[in-house]
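**Q** Only the shape, not the letters, is given here:
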């Protein structure tokens, strides 16, 4: 929520649902729309981050293979990135 919610945070995970705060109330919503795969939604989220439409990206181990979020001369978002890796026990 403090980072701007789903409008500002790109989520690249293997999850099909997510918890969101809507008007102070936490609910569960589907990440994937009908006819779109998890991989496709992750690609869309990565593109939004690389274009600067989303300022924060959260990526899980399940979605990290083959995805680069580094600044690249071919993408619009040239801002410096800060990667904070962590692993749950």
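**A** Cool, the structure landed. A quick note: this is a predicted structure, and the numbers were derived from the prediction, not measured.
**Q** Contacts for the one helix or strand in the chain whose mean pLDDT sits lowest, please.
**A** Least confident helix or strand of the chain, by mean pLDDT, DSSP states H and E, is helix 61-64 with a mean of 78. Residues outside helix 61-64 that contact it (CB atoms under 8 Å, 6 or more residues apart in numbering): 12-14, 38, 42, 87. Any C-beta I mention is one placed from the backbone N, CA and C, and that applies to glycine too.
**Q** Now do the buried residues in the longest helix anywhere in the chain.
**A** Longest helix in the chain, counting residues (DSSP state H): helix 38-50. Across helix 38-50, burial judged by 16 or more other CB atoms under 10 Å covers 38, 41-42, 45-46, 48-50.
**Q** can you tell me which residues contact residue 28?
**A** 17-20.
**Q** What's the per-residue pLDDT of it here?
**A** The model reports residue 28 with a pLDDT of 94.
**Q** go on, residue 46?
**A** Listed pLDDT for residue 46 reads 89.
**Q** Residue 38 too?
**A** For residue 38, pLDDT reads 84.
**Q** Likewise for residue 89?
**A** The score at residue 89 is 64. That number is its pLDDT.
**Q** Residue 16 is in contact with residue 41, isn't it?
**A** No. Residue 16 lies out of contact with residue 41 (CB atoms under 8 Å); the separation is 9.3 Å.
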